[in-house]
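Novice: What would the 3D arrangement of this be:
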Amino acid sequence: MLFGAGLIPIVPAGFFLFYYQSQSKTNITALQQSVSQMAALMTERETQDLSRRLERMWAPGTKYVDPANLERALKANPEFLYMAFTGADGREVLSGGAPELRRFFGFLDIGDTRLFRTAAEGGRLAIGQFEMLYDMPLCRMVYPLGGGYFAFAAVNLRDLVEKLHSQRLGATGGLLLADAEGGSLAFSRSLEKFDRQAVRSMTALGPVFEFEGARGVYVGAAARVRGFDLYALALEERAEAFSGINRIIWLMAFLLLGVATAFYFSALAFTRSLAAPVGALLAGAARVSGGDFRTAVAGGAQFSELSELITAFNSMMREVERYHGIQVEKVFEEKQKLELLVSLIHDAIILCDFRGELLYANAAAEVLLGVNEPQAPKGPTLRRKVADLVYLKSEAGDGVIGYDTPAGKKYFQVNLQTLAAKTQRPAVFMVLRDVTLEREVQKVKEEFFHSVAHDLRAPLLTMQGYINLLEREFAPGAKQAGYVNSVRASSDRLFKMLENILDISRMEAGHLKPDLRKLNAAEFLAASAESFRALFEEKGVALNVDAAGAGAAEFSADSALLRRVMENLLSNAWKFTPPGGSVTASARAENGGVVFTVADTGPGIPPDQLEAVFERYKRLKTGEGEAGFGLGLAIARKIVQLHGGQIWAEGGPGGVFKFSVK
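Specialist: This next block holds a predicted model:
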């Protein structure tokens, strides 16, 4: 931290160096651009002067293609060392000038040169092809005279060279005047000799460029001479151009490094006095995390703050040790209470991992698994027993499993949950409640009901026969006829209850098989509901039948059995819907089958009893007490399951029952 604090002033200094370097490079580049633009301006003035002198060499109306006039023009303009006149094809007509240049040029034919084509196409002076000839800086000019004639001249650029030679760029830099073909004149002897291809590359790179030459990398700027295909280039070796900047940057870098080194050793000397007490505190914290609360941290720090911190840490460690002891005792006490409570529970409690390895079992579970027997199962055998319990629970639809115990086969209601702890592996928690006695009582009760129902059928049939005879004895409006009707209704309900009990027995025994035939959903719904219409009208309840969603859908079913399901649902809806309400029976095609729905505007079914209403001998708990559904819904579920379908109830306002068949 101290070293980092010392580096804080170094960061802005580094940013300043970076800014200074970039700004300095920008200034150097701007200087080179200024030099090249100045050279281009001086060259522009020189070429314009040459152009004006060519224009004024002959007076108007003078025959310029004449030896005498040519000789007079050369004498008046000593910079023009050689001059020739050509025709429109560029071939020489007349020439004159210094004998050396006349021998050098020979018979002049410039028709294929770039200068001649430029002058012919533009109708103005064209200048270029710079070179040193006989230690003289020369350039070539082509000027259109009119009348199909052109003037060609070799001009000595001594004056321009003297003006530009004074412009220097360090020990290795200078100016370069180039034409479009790559011909060039160097105004500094320190510059290396560039070939035409290199010069053309530099002029094509742009106003500011870097170029790798034979001696190294050059930085430079190029400015075009206005009105001509000429370029003024300012060049300097990059190492020399940026040498001053680099020296300053290196000096600043060494200075910053020295400052950082000084801060580092100062921080190192300071932190050595902190290392021992801080290390002791870290070691003490490691001991505390490992459970050692008795070994105190040694004192002796040079700083009073650290000494106070060590004292406070030792005091905290003693308090933690005392609190830890209290908590451990409480944990053991709670564990003993929990173990005692679990051991007294009659239900078997098993805790195991996902492999079936037994982690915990109370006394009832140990008896169930036979752990306390002389030949108690161990290892794989015990794991297999636990895994069998989990498998039987997964296969049991109602959560009740049958299991062979040392005392015989028993039935258990199994509740299973998965425990996902943060510090341990996931485990399986099972609670097995012995329901063997309940199942036996239920079996005895069902056998009793079956026997009673079977034995009461014959007397009931006899009673109904006598009731039919009594109905004939009294007029329909007589008081006695009402008594007889009440007796008939009571006997019908009792007979229907007996039939339901017997039907459930036959279904569970597998003696009732449906006679499957193709049925039309709309016709089946209409026929089932029509028989109830009079009852609904008498009570003042609207009965609505909606088969539009079914269309022409068909399904396979036993018409008589499935009609009992629909009649049972409609009967319950009629019973629980108050006068002024409505009941809607509908059918719709869905997933290749048909779904029938009976919805009423009655009190509805509580959400926690949507499944209980289908159990036998269950009574629905409502706000007004208990309402019995009898065995009707249990029989309805059995019938729908015989057809491979499902039946269910839905919560919300009113009662809604649905069943599906295919």
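
Novice: Ramachandran angles for residue 655?
Specialist: Residue 655 adopts backbone torsions of phi -100, psi 140, taken as degrees, to the nearest 10.

Novice: Oops, could you answer that again for residue 559 instead?
Specialist: phi -60, psi -40.

Novice: next one: residue 419
Specialist: Given degrees, to the nearest 10, the pair of backbone angles that residue 419 has is phi -100, psi 120.

Novice: That one - nearest residue in space that isn't next to it in sequence?
Specialist: Leaving out its chain neighbours, the residue that sits closest to residue 419 by CB to CB, 6 or more residues apart in numbering is residue 427, at 4.7 Å. Every C-beta, even on glycine, is put in place using the N, C-alpha and C of the backbone.

Novice: does that neighbour really touch residue 418, like I thought?
Specialist: Yes. Counting by CB atoms under 8 Å, residue 427 does reach residue 418; the two are 7.5 Å apart.

Novice: rewinding a little: and the residue nearest to residue 419, how many residues sit next to it?
Specialist: Using other CB atoms under 10 Å, residue 427 has 17 neighbouring residues.

Novice: Beta-bridge partners for it, please?
Specialist: residue 353, residue 419 (DSSP bridges).

Novice: Would you mind listing the residues in contact with it?
Specialist: Under the criterion of CB atoms under 8 Å, 6 or more residues apart in numbering, the neighbours of residue 427 are 351-354, 359, 418-419, 421.

Novice: In TSV: those residues, plus pLDDT.
Specialist: Converted to TSV, these look like this (pLDDT from 0 to 100):
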residue	pLDDT
351	84
352	86
353	83
354	79
359	79
418	82
419	77
421	64
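
Novice: Dump those into a markdown table; add neighbour count as well.
Specialist: Output for those, formatted as a markdown table (neighbours: other CB atoms under 10 Å):
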| residue | neighbour count |
| --- | --- |
| 351 | 16 |
| 352 | 21 |
| 353 | 15 |
| 354 | 12 |
| 359 | 14 |
| 418 | 9 |
| 419 | 11 |
| 421 | 8 |
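
Novice: with those residues in mind, which one is nearest to residue 515?
Specialist: residue 418 (45.6 Å; CB to CB).

Novice: Now the closest residue to residue 229 other than its chain neighbours. Its backbone dihedrals?
Specialist: Of all residues not flanking residue 229 in the chain, residue 180 sits nearest, at 3.9 Å (CB to CB, 6+ apart). Backbone torsions for residue 180, taken as degrees, to the nearest 10, come to phi -70, psi -20.

Novice: any idea where the strands of the stretch 351-500 of the chain begin and end?
Specialist: 358-361, 400-405, 408-419, 427-434 (DSSP state E, counting those that start in this stretch).

Novice: Could I get the buried residue list for the first one?
Specialist: Judged by neighbour count (16 or more other CB atoms under 10 Å), strand 358-361 contains these buried residues: 358, 361.

Novice: One more: the second one?
Specialist: By neighbour count, with 16+ other CB under 10 Å as the criterion, the buried positions of strand 400-405 are 400-401, 403.

Novice: Between those, which sits nearest residue 51?
Specialist: Closest to residue 51, out of all of those and judged by CB to CB, is residue 401, at 116.2 Å.

Novice: any idea how far the closest one is from residue 207?
Specialist: The gap separating residue 401 from residue 207 is 93 Å, by CB to CB, to the nearest Å.

Novice: ok so, going back, now do the contacts for the residue nearest to residue 229.
Specialist: Here residue 180 is in contact with 114, 128, 200, 203, 229-230 (CB under 8 Å, 6+ apart).

Novice: next one: phi and psi at the closest residue to residue 124 other than its chain neighbours?
Specialist: Nearest non-adjacent residue to residue 124, counting by CB to CB, 6+ apart: residue 144, 7.2 Å away. Main-chain dihedrals, residue 144, degrees, to the nearest 10: phi -80, psi 120.

Novice: bridging residues for residue 144?
Specialist: residue 150.

Novice: Format the contacts of residue 427 as TSV; extra columns: distance to residue 439.
Specialist: Shown next, in TSV, are the contacts of residue 427 (distance: CB to CB, whole Å):
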residue	distance to residue 439
351	26
352	26
353	31
354	30
359	30
418	27
419	29
421	35
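
Novice: and which of the residues you listed is nearest to residue 298?
Specialist: residue 421 (39.0 Å).

Novice: Going C-terminal from the helix-or-strand element of the chain with minimal mean pLDDT, what's the next secondary structure element?
Specialist: When each helix and strand of the chain is scored by mean pLDDT, DSSP states H and E, strand 625-628 comes last, with a mean of 45. Moving toward the C-terminus from strand 625-628, the next helix or strand (DSSP states H and E) is helix 632-642.

Novice: just the angle between the following helix or strand past that following helix and helix 632-642, please?
Specialist: Per DSSP H and E, helix 632-642 leads on to strand 646-650 as the next helix or strand towards the C-terminus. Inter-element angle recorded for strand 646-650 and helix 632-642: 140 degrees (by axes from the mean of the first three to the mean of the last three CA atoms, to 10 degrees).

Novice: strand partners of strand 646-650, parallel vs antiparallel please.
Specialist: strand 656-661 (antiparallel).

Novice: I'd like the mean pLDDT over the partner strand, please.
Specialist: Here strand 656-661 scores 94 as its mean pLDDT.

Novice: Show me the contact partners of that strand.
Specialist: 555-557, 562, 565, 569, 572-573, 590, 593-600, 636, 640, 643-650.

Novice: From those residues, list the buried ones, please.
Specialist: 555, 557, 562, 565, 569, 572-573, 594-600, 636, 640, 643, 645, 647, 649.

Novice: Okay, now the unreliable bits of the stretch 51-200 of the chain?
Specialist: 58-62, 64 (pLDDT under 70).

Novice: what about the strands in the stretch 151-300 of the chain?
Specialist: Using DSSP E, counting those that start in this stretch, strands in the stretch 151-300 of the chain cover 174-179, 184-186, 208-212, 217-224, 230-237.

Novice: Would you mind giving the ones you listed as CSV with distance to residue 316 and mean neighbour count added?
Specialist: Converted to CSV, the strands of the stretch 151-300 of the chain look like this (distance: least, CB to CB, whole Å; neighbours: other CB atoms under 10 Å):
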stretch, distance to residue 316, mean neighbour count
strand 174-179, 80, 26
strand 184-186, 84, 22
strand 208-212, 68, 15
strand 217-224, 68, 22
strand 230-237, 71, 26
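
Novice: Tabulate those in a markdown table, adding columns for distance to residue 606.
Specialist: Below are those laid out as a markdown table (distance: least, CB to CB, whole Å):
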| stretch | distance to residue 606 |
| --- | --- |
| strand 174-179 | 101 |
| strand 184-186 | 104 |
| strand 208-212 | 87 |
| strand 217-224 | 91 |
| strand 230-237 | 97 |
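
Novice: Roughly how far does the residue nearest to residue 229 sit from residue 193?
Specialist: 19 Å.
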